[in-house]
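Trainee: quick one, structure for this:
(chains A, B and C)
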Amino acid sequence: MKAKKKIFAVLSSAALFAGILAGCSSNDSASGDKDEDSGQVTLTLLVDNQSNLDGMKAVTDAIEEKYDIKTEYELRPGGGEGDNLVKTRLATGDMTDLMAYNSGSLFQALNPEQNFLDISEESFVETIMDDAKEALSSNGKVYGIPAASFMAGGWFYNKKIYEELGLSVPKTWDELMSNNEKIKEAGKTAVIGSYKDSWTAQVIVLADNYNVLQQHPSFAEDFTANKAKIADTPGALSSFEKLAEVYDKGYLNEDFLATGYEAGLQKLAEGEGAHYPMLSFALPMLQTNYAEELDNIGFFPQPGDSADENGLTVWVPGGVFVNKNTEHPEEAKKWMEFFVSQEGNDLYNAKITPQGPPAIKGVELSDDVYGAVKDMLPYFESGKTAPALEFLSPVKGPNLPQIAVEVGSGISKAKAGAELYDKDVEKQAKQLGLEGW
Amino acid sequence: MSETQIAVKADTPFRTNTRKRKSVGKLFSEILAIILSLVIFGVPFYFVIVNASKDTKESSLLNMELPSSFQLIENIQAVMAAQNGMIVRAFFNSMMITGFSIAILILVGAMAGYVLQRRTSKMSPFFNFLILAGLIIPPAIVPTIWVLDGIGLFKTMPGIILVEVALNLPFTILLYKGFMATLPKELDEAALIDGCGRMRLFFSIILPLLKPVSATVIVLTAVGVYNDFVNPLYFFPGAENATLQLTLYNFSSMYNTQWNLLFTNILLISIPPLILFIFFNKKIVAGMTAGAVK
Amino acid sequence: MTKLTNRSYTYYFLLPAGIIYFVFFLLPTIMSFFFSMTWWTLTDWKFIGFENFITFLTEPSLNIGFKNTIIYAVVTCTLKVILGLLLGVFLSQKLKTIGFVRSMVFFPTLLSTIAVGMAFAMMMHPTQGLINTALKIVGITGPDWLGDTTIALISVALVDVWKGVGMATVIFIAGIMSIPEDYYEALAIDGGNSFHKFWNIIVPLSRPAMNSVIILAFIGGLRSFDLVWAMTKGGPGFSTDLIASIIYKQYQGGFYGLSTAGNVILFVVVSALAFPLYAFLNKKEVDL
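Mentor: Here you go, the predicted structure:
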C-alpha cells in the first residue's frame, strides 16, 4: 500500500491541494442534517486526501440529482496519520455517515462489528466480486462496497520487442526467463529495474502471492498467526528467489540503482527495456506521458512453476462503509446501491479510466479501456485471481522496499533477505499487538 | 570528488618550492588556485545553471553543453505553477518561519546572554553545561512531537518556530554572552544610577549596543532555518505546510524525468542564500567563525 | 554592584529562553529515556523494558547504523580537517584573487543540503553522470558512486566534505591569521623552509582552530541525516543508513518507541564520543 500511496501522492497532488482548501469548511459529522425546505438529506463522507476524487464526485452528483441525497466530503490525511484519525473518530463517536477506507486487514482492524452497518443482506452486495467482498467483510459479514476497480501487480511488457523477437507471453517462470535470455542476447534490457525508488523493487515479491497461495493455500493465515515464516516456506521464499534471479542472470538495465519509477516507465514505453514488473496504477501515467506508445504495452501476471496454475495477484480497491450510528441508514444504502450500479460505474469510469477490471460482477467496460487491462480480464473471468498478501494479512514490514533492493541487487541472498523481512515483520506484528507474536 | 585530495596534496610541495622564484611562483599558484576552485566548486554551479536552462530532453543527457534554446524563464514558470503554485506557498511559509525565529531568538537570546554574562553565580556552571549540551545533543524527535501535540502546536507554524528557536538558542546565547563581555559593566551601573530600570536599561541601552552580534545572529539563523530540512520534516508535516526545502524534496519524485525542472527548483532555492552572501559575505564568515574560534 | 541590582531580574530575563529551551528541547530529551522503553502510539504506551534497545542492537537493518555513523563522522571530520587546513594555509596568502577564491570555497556552506545532495546525486549517475563522463574522457570507467554498496557511504561523505570544507577553511584562516608575524621572522632567521613553517608554526599554533573544526565536524557527522536522505535514502538496501536516518524510518513506520530508542542511542553515542573529545582537546590546548 505504501507504494500505492506514494504514487497517488504524486499523481493527484493537484487534486489534493484543491481538495484541502475545499475540505476545511465542512466539519459537522454523523449528523446529516435534513434540510427543512426540500427534504434533502445530506450524508457526510470521510475520504483521504491522497486520492483523486473526480470519479467519486461524478457519482455523488448523480445521486444528489436522482435521490436528493447530498454528499458532503470531509478530507483526512493518508497513511498512518489518517489511520489514527479514523480510529480516534470511531472511538469518540465522531464518525461521518459514510467512510472511504482501505479494505482488507486495515479495515478489519477497525472492529467492524461495533462500528459499521452490516449490509450482507442487501441485494446489491451479491454483485460484488468475491475477492473484493472478502476484503470488505469481517467474520463473514459484509460491511462495504468497493470504491474503485481492481488493480493488478505483474509484468508490463513491450509488445514491439515481443513481436520483433518472436516471443510469446510466458505462462511459467521458466518461459519468462528464457524470453529474458533472448531479449538480453538481442542487446536489449530484459527487465527494467528502477530501484532508485526502492518501493518498485518489491513488486516481484508482492505480485507473486497468487503463486504462493497455489502452493500454500493457508499461507496468509499461518503467516498472520506466526505459524509460517517466509524464509522457511519454500513457496513463499521463491518470491524472493525470483527477485534475486532477475539480478543474478544480468537481466536488469545497467543503471537500475540510479533509475527511478518514472524513468522506468520511460524505458518501457520507448522500447529500451522489454519487461517492467509494476502495479497497474502505472497506466494513467503511461497514458499521460506516452499516449502514442500505450497500445504497445501489454500485461501478464507473474508466472509460477506450472502453466496450469497461472493466475493474477490483485490489489483490492478501498471500500466505502456506513457508520453504524448514522441517522440515515436507508439513504446510505441507496447511495451504495447506486454507486455499484452500471450507471454509477460508467459515471466513475468516465472520469477515471480503470486501472484494472471492475470489482462488480457484470459491469461492462467501455472499449477504450487500456489494452493492458484487457489482458487482465481473462483471469478474472476464469476466477484465477488472488489478492496480494497485504489484503489477507495485517502483517507487513515497513522495510520490505529496502530488503527487496538488497535481494534484487545482489547485496544479500534471497534466503537472507527473507529472514531479515521475517524479523522486520515481527516488529510490525508486535506493534499491532497480534496474537502469537 | 577524489580530484580534491589529489589536487590539494599536489599543491603543498609546490608551495615549498616557491621560495626562490617568488613572483613567478606566486602568479602560478594564483592561477592554480583559481582553476582548482573553479573546477571543484564552480563546475557544480555551472552544471546546475546550464541544466536549469534546458528543455526536458536535453537535460536528460545531464551534460555540460550549453542549451540549444534558452529555457530558463519557461522552466521557472513551470516550477512556479507546479501543484497549484505550491512553491509560492512554501516560500511564504519558509519566510514566516525564518522571520519569526530570528525575531524571537534575538529578543530571548540577548536577554539570556546578557544576564548570564553579567551575573555569575553558583548556577553559572550549570547554565554553561546546558548551553554546551544544547550544542551537542541531538534533539529527541518523537518526544518533541508528543510535547507539541500535547500543547496543540504540532503541525503549526508557532510550533515549528518555537522548535527552531529552542534548537538555535544555545549558539545564540553563546554569541551574545561572548559579545557582552566586551561591553564595560560601568555602563550598566551608570544607567542604573540614572534611575533606569533593568528593563529599560536592557532595551534602550544594551540591546542597541549588541547590534553587531545581532546582525550575526540574523544572518546565521536566516541561513540555518531557511535551509533546515529535518525539523520541518518532522514537526511541520502536511501538504499545506510545505517549506521550500520540503517542496524541493517532494518535487524530486515528481521531476523524476524532468530534470531541467528539478535543476530550476534547486537554482531558485539557492537564490536567497546567494543574495545574503553577496551582501553579508564578511558578516557571515565572521559570525560563523566567532563562536567556533573562541 | 549587588546593592544596585535587583536580583530578581536575573530570573525574568532568563525565563523566556529557559521556558522555550525546557519545553521544546530538555523536556523531550528527558522524556525520550522513558518512551524509549515503551511500546508507544503517541496516545497510548506500554512499558516493555529494554526490548527496543535489544531490537536496535541486534537487527542487522538497524545496527548497521552504528558502523555507518562512525565511519561517516570519522571520514568527513578527517577530510575536513586535512583539506580545511591545507586550503586555509593556501588561502591565507596575499593573492590578488584570494577574496574570490575564498568565496568560492565558502559558498557551498550556505546552500541547502537537499539541493546540494540532489545536484550531486545527478552528477554521480553511473552512466550519464558528469563525474563518470569526465572520467571516461581520461579513460577511466567510474564506479557506480551511489549504487555500489561498498562506496556509496563514502560518496555521500565526500559531498558532505565538499559542502562543509569551506567552514573548516574559514576557521583555519582565522586561526592562521592570528599567528603573530614574530614566529615567521624567528623561523626565517633560523633558516627554516616552508615545510618547517607549516609543520612547526602553523600546525601547532592553529590548534584552537583545529579543535573547533574537529568538534564541529565530528558532532555534525554523527548527527547527519539530510544529505544521506536526499542522496540515497539510506540505500541501496540499508548500506548508507545512519542512526539518524534509521530513527526517521522507524518514525515513518509508526514504531515510535523504537524510534525514540534510536534517539537515546544516538544521544549516548554522541555524548560518549563528543564530551570526552571536547575535554581531551581542551586539555591539550591548555598544555600548549
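Trainee: distance of residue A:245 from chain C?
Mentor: The gap separating residue A:245 from chain C is 18 Å, by Cβ to the nearest Cβ, to the nearest Å. The C-beta positions use only the backbone N, C-alpha and C, and glycine is treated the same way.
Trainee: what's the answer for residue A:414, then?
Mentor: Look at residue A:414 and chain C: by Cβ to the nearest Cβ, they are 13 Å apart.
Trainee: burial of that residue, as a residue count?
Mentor: The burial count assigned to residue A:414 is 21, neighbours taken as other Cβ atoms under 10 Å in any protein chain shown.
Trainee: just the pLDDT for residue A:218.
Mentor: We note a pLDDT of 91 for residue A:218 in this prediction.
Trainee: for it, what are its contacts?
Mentor: With contacts taken as Cβ atoms under 8 Å, 6 or more residues apart in numbering or on different chains, residue A:218 has no neighbouring residues.
Trainee: how far away is it from chain C?
Mentor: In this structure, residue A:218 and chain C are separated by 27 Å, where distance is defined by Cβ to the nearest Cβ.
Trainee: quick one: the nearest residue to residue B:41 once chain neighbours are set aside and residue A:130, what's the gap?
Mentor: Once flanking residues are discounted, residue B:41 sits nearest to residue C:104: 4.7 Å by Cβ to Cβ, 6 or more residues apart in numbering or on different chains. For residue C:104, the distance to residue A:130 (Cβ to Cβ, to the nearest Å) stands at 67 Å.
Trainee: who has more neighbours out of these two?
Mentor: The neighbour comparison of residue C:104 against residue A:130 (other Cβ under 10 Å) goes to residue C:104, with 20 against 11.
Trainee: next one: the helix or strand harbouring the more buried one to chain centre, how far?
Mentor: Under the criterion DSSP states H and E, the helix or strand holding residue C:104 is helix C:98-106. How far helix C:98-106 lies from its chain's middle: 22 Å, per Cα atoms, centre = their mean, to the nearest Å.
Trainee: which other helices and strands contact it?
Mentor: Where contact means 3 or more Cβ pairs under 8 Å, 6 or more residues apart in numbering or on different chains; DSSP states H and E, helix C:98-106 is packed against helix B:22-37, helix B:259-293, helix C:60-91, helix C:152-177.
Trainee: and it, what's buried?
Mentor: By neighbour count on 16 or more other Cβ atoms under 10 Å in any protein chain shown, the buried set for helix C:98-106 is C:98, C:101, C:102, C:103, C:104, C:105, C:106.
Trainee: need the contact list for residue B:96.
Mentor: residue B:157.
Trainee: check residue C:51 too.
Mentor: By Cβ under 8 Å, 6+ apart, the contact list for residue C:51 reads residue C:37.
Trainee: give me the number of residues near the one residue in chain A that gets nearest to chain B?
Mentor: Shortest chain A-to-chain B distance, computed as Cβ to the nearest Cβ: residue-wise this is residue A:262, at 3.6 Å. Burial measure for residue A:262: 20 neighbouring residues, criterion other Cβ under 10 Å.
Trainee: which stretch of helix or strand covers it?
Mentor: With elements delineated by DSSP H and E, residue A:262 resides in helix A:261-269, which encompasses its position.
Trainee: what's next to that helix, contact-wise?
Mentor: With contacts defined as Cβ under 8 Å, 6+ apart, helix A:261-269 is touched by A:7, A:156, A:158, A:189, A:192-194, A:196-197, A:199-200, A:253, A:259, A:272-273, A:275-276, A:278, A:282, A:285-286, A:289-290, A:293-294, A:296-297, B:253, B:256-257.
Trainee: filter those down to the buried ones, ChimeraX style.
Mentor: Provided next is the ChimeraX selection string for whichever of the contacts of helix A:261-269 are buried by 16+ other Cβ under 10 Å:
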select /A:7,156,158,189,192,193,194,196,197,199,200,253,259,272,273,275,276,278,282,285,286,290,293,294,296,297 /B:256,257
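Trainee: list the contacts of the residue nearest to the spatial centre of chain B.
Mentor: When chain B is reduced to its mean C-alpha position, the closest residue under Cα atoms, centre = their mean turns out to be residue B:223, at 1.9 Å. With Cβ under 8 Å, 6+ apart as the criterion, the residues that contact residue B:223 are B:273, B:276, B:284, C:110.
Trainee: can I get these in JSON lines with pLDDT?
Mentor: Shown next, in JSON lines, are those (pLDDT from 0 to 100):
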{"residue": "B:273", "pLDDT": "88"}
{"residue": "B:276", "pLDDT": "85"}
{"residue": "B:284", "pLDDT": "71"}
{"residue": "C:110", "pLDDT": "89"}
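Trainee: just flag the most distant two among those residues.
Mentor: Considering Cβ to Cβ, no two members of those lie farther apart than B:273 and B:284, which are separated by 9.5 Å.
Trainee: contact partners for the residue lying closest to residue A:114 once chain neighbours are set aside?
Mentor: If you skip the residues right next to it in sequence, residue A:114 has residue A:324 as its closest partner in space, 7.3 Å away by Cβ to Cβ, 6+ apart. If a contact means Cβ under 8 Å, 6+ apart, then residue A:324 has A:114, A:115, A:116, A:117 as its contacts.
Trainee: cutoff 10 Å now
Mentor: Under the criterion of Cβ atoms under 10 Å, 6 or more residues apart in numbering or on different chains, the neighbours of residue A:324 are A:90, A:95, A:112, A:113, A:114, A:115, A:116, A:117, A:118, A:143.
Trainee: what do you get for residue C:230?
Mentor: B:229, B:245, B:248-249, B:252, C:112-121, C:156, C:159.
Trainee: please identify the helix or strand for the residue nearest the centre of chain C.
Mentor: Most central in chain C under Cα atoms, centre = their mean is residue C:220, positioned 2.2 Å from the mean C-alpha point. When secondary structure is defined using DSSP H and E, the element that contains residue C:220 is helix C:207-223.
Trainee: could you do residue A:100 as well?
Mentor: Using DSSP H and E, the secondary-structure element containing residue A:100 is strand A:98-101.
Trainee: ok, then the element right after that strand?
Mentor: Heading C-terminal from strand A:98-101, the first helix or strand you meet, by DSSP H and E, is helix A:105-108.
Trainee: is any part of the helix holding residue C:220 close to chain B?
Mentor: Yes - using Cβ under 10 Å from any Cβ of the partner chain, helix C:207-223 comes into contact with chain B via C:208, C:209, C:211, C:212, C:213, C:215, C:216, C:219, C:222, C:223.
Trainee: now that helix: buried residues?
Mentor: So, applying 16+ other Cβ under 10 Å, buried residues of helix C:207-223: C:208-223.
Trainee: for those residues, which one is nearest residue C:66?
Mentor: When the buried residues of helix C:207-223 are compared for distance to residue C:66 (Cβ to Cβ), residue C:222 comes out closest, at 10.6 Å.
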